[in-house]
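Asks: pasting the sequence and the predicted model now:
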Amino acid sequence: MLHFGYRLIWISVSLGLNASFLFPSAKKTTDWHASTECAAKKKGGKGKKNKQPKQSGMDWAMDFKVKPYDSQTLQAIAETAVGTYQQATGKSLHATLSGAANAPKALWEAPVAVLVVSSKVDEAEYAEQAEGPLVEYANAAALEALGIAAPEEKFDDVVGQRIPGLALPVSLPSDKRYESGYSKKMLKSQGGEGGGARSVTLERAERWLLTKAAIVDGQLAVESVGVAYAFEEWFEDADGGAAADSDDEGDGSGALSVTVRKPGGVVEVRYRAEGVAAAVEAAAATVRSLKEEQGLGNSDPEVKAAVAELLRLKDIATEAAAA
């Protein structure tokens, strides 16, 4: 009986120890489910990334656009503009250009507007477009003056085009190669990117001839590139001002004030001495009329208001004269 009991104990122990060998799939199935759930958690935790489709080389090439200061054609014109100005005046076009390692890029970024126009007809399509000079070059400041909000992206909306309403002469008087103090309404009734008619007027601008050496019929000759205009501020007539025009009659000085615009979105209000003087005279005439013709006294509200306006305009006249 004792031996029989030992045998039962031995059989039970053996069965317990060898259960995993008898049923190995049970443990492996459990382990597989556990590992699968773990992997699923890890994968779900990171989430899927939205990959952007790769652009083909052809698509990239079609989307690529040369920067205006990297264009070989515009680089040559920019260097000619800087060089001919130096020759004509004996000074640098702007302080930022003095010693600049990359003159075309420095001119593009300069806080002075530079515009080069010519009468060339490079392609047949130009002859079919509205009248206007061909814009050979315009830097960022000049494009801003013409109403282009994103000059670097949209420079070719102006450069290489004839702009209707652009009234800049493409030549200088025969006896001049350089001129300063030039005034001109350069853009007449043109809408900018924001829409609406606008007229842009220059005052105290500079202009000069651009020429370059070229081989013509086998001989060295001087070839005209166009006329360059440089200006550090401009007026928009929509703001109430009009400058004197060097090419037209009339001094355009009747406006009391004008809004002056400069590169980089700078805006200033400036009073005109001539306009203010005319306004003071008119205000004084109003005061005299109220007193002499209508018989009103100094204590009457209308006279008080007219006198206050007269004094305000006299203060402005003093300010304008000091400026």
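Replies: The structure has been received and is ready for your questions.

Asks: surely residue 147 is within a strand?
Replies: No: assignment of residue 147 by DSSP: H, G, I helix; E, B strand; the rest coil gives coil, placing it outside any strand.

Asks: what about it, how many neighbours?
Replies: Using other C-beta atoms under 10 Å, residue 147 has 19 other residues around it. (Each C-beta comes from the backbone N, C-alpha and C, glycine too.)

Asks: swap in residue 308?
Replies: Residue 308 has 11 neighbouring residues, counting by other C-beta under 10 Å.

Asks: same thing with residue 201?
Replies: 22.

Asks: also residue 91?
Replies: 10.

Asks: in terms of helices and strands, where is it?
Replies: Using DSSP states H and E, residue 91 maps to neither a helix nor a strand.

Asks: that one and residue 180, how far apart?
Replies: Using C-beta to C-beta, to the nearest Å, residue 91 is found at 12 Å from residue 180.

Asks: ok, now residue 292?
Replies: Distance, residue 292 to residue 180, by C-beta to C-beta: 48 Å.

Asks: mind giving me the packing neighbours of the lengthiest strand in the chain?
Replies: For the chain, the longest strand by residue count, based on DSSP state E, is strand 197-216. If you count contacts as 3 or more C-beta pairs under 8 Å, 6 or more residues apart in numbering; DSSP states H and E, strand 197-216 packs onto helix 72-89, strand 178-191, strand 219-231, strand 234-236.

Asks: any weak-confidence spans in the chain?
Replies: 1-64, 121-130, 189-198, 237-255, 323 (pLDDT under 70).

Asks: follow-up on the earlier one: the longest strand of the chain pairs with which strands?
Replies: Partner strands and pairing direction for strand 197-216 (DSSP bridges) are strand 178-191 (antiparallel), strand 219-231 (antiparallel), strand 234-236 (antiparallel).

Asks: so which of those strands is nearest residue 159?
Replies: strand 219-231 (12.1 Å; C-beta to C-beta).

Asks: could you tell me the angle between that closest one and helix 72-89?
Replies: If you take axes from the mean of the first three to the mean of the last three C-alpha atoms, to 10 degrees, strand 219-231 sits at 80 degrees to helix 72-89.

Asks: on that earlier part again, what comes up buried for the longest strand of the chain?
Replies: Buried residues in strand 197-216, defined by neighbour count with 16 or more other C-beta atoms under 10 Å: 198-203, 205-211.

Asks: and of those residues, the nearest to residue 270?
Replies: Among the buried residues of strand 197-216, and counting by C-beta to C-beta, the member closest to residue 270 is residue 203, at 10.1 Å.

Asks: wait, isn't the closest one in contact with residue 235?
Replies: Yes: with contact defined as C-beta atoms under 8 Å, residue 203 reaches residue 235; the gap is 6.7 Å.

Asks: please, where are all the helices along the chain?
Replies: Under the criterion DSSP state H, helices of the chain are mapped to 2-17, 19-22, 24-46, 57-63, 72-89, 103-109, 124-128, 140-145, 151-154, 273-288, 301-322.

Asks: summarise which helices and strands the fifth one is packed against.
Replies: Right, helix 72-89. Checking 3+ C-beta pairs under 8 Å, 6+ apart, helix 72-89 ends up next to helix 103-109, strand 113-118, strand 134-138, strand 197-216, strand 219-231.

Asks: neighbours around the residue lying closest to residue 111 once chain neighbours are set aside, how many?
Replies: The shortest distance from residue 111 to any non-neighbouring residue, by C-beta to C-beta, 6 or more residues apart in numbering, is to residue 263 (4.6 Å). The number of residues packed near residue 263 is 21, by other C-beta under 10 Å.
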